[in-house]
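Student: I'll drop the sequence and a predicted model, then ask my questions.
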Amino acid sequence: MSVIAFQRFFVTASATTFLAGAALWGAAGPAAASTGGGCNGPASMQACITVIEGDADEELVFEARADLGTATAPSCRLRLVSFDETTGWRRESSFAPCNRPGSQRKEFVLPNPTEGHVYRAELQILPNGKNYEFAQFVSSPLLTY
C-alpha cells in the first residue's frame, strides 16, 4: 500500500468513525434514556408523569387530575405527591377541595432530573379531609430517567 493510499484509507476510516459516533451521541441524549411514564387511572382521576424539554435542559412534569363533581363531601381534599423512588425524596402539594365543579389539576415541574433515578406521581383523594380513612390513591406508571 502506498503512502497516499494509506492516507486516504486513514482519512475515510476516521471520518466514518466520527460520523457514526456523532449519530450515536445525538440519538442517545437524555430523552432517549428515559423509559416509562405516562398516565394511570380512569378519566375522573389520573396521575401522570412525563419528560418535557425545558428552557435549558429536560424537566419532569408530575401531574394529578380529578373530576369528581360536586357530589363529594365538602370536607373532601386532594393533592399531588411527587416521588423519587431511588432516594426516597417526595414533594407534597397543598390540599385542594374535591367538590369544585369541573376538573381539578395539580402540577409540579422538576428541573434537571437525575439520570438513572425512578420517579412517579401520585394523586391522593381524602374523602374525610386530611384523615386517611377511605383514602384513594392513583399512581402514575414509573418513569426511569
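Tutor: Arrived safely.
Student: report the helix or strand with the lowest average pLDDT across the chain.
Tutor: Of all helical and strand segments in the chain, the minimum by mean pLDDT, DSSP states H and E falls on helix 3-27, at a mean of 42.
Student: mind listing what the nearest residue to residue 108 once chain neighbours are set aside touches?
Tutor: Excluding the flanking residues, the one nearest residue 108 by CB to CB, 6 or more residues apart in numbering is residue 62, at 4.5 Å. For every residue, glycine as well, the C-beta is placed using N, CA and C. Residue 62 makes contacts with 48-49, 80, 82, 91, 107-110, 119, 121, 140, as judged by CB atoms under 8 Å, 6 or more residues apart in numbering.
Student: hmm, try it at 10 Å
Tutor: Residues near residue 62 by CB atoms under 10 Å, 6 or more residues apart in numbering: 47-50, 80-83, 91, 93, 106-110, 119-122, 140, 143.
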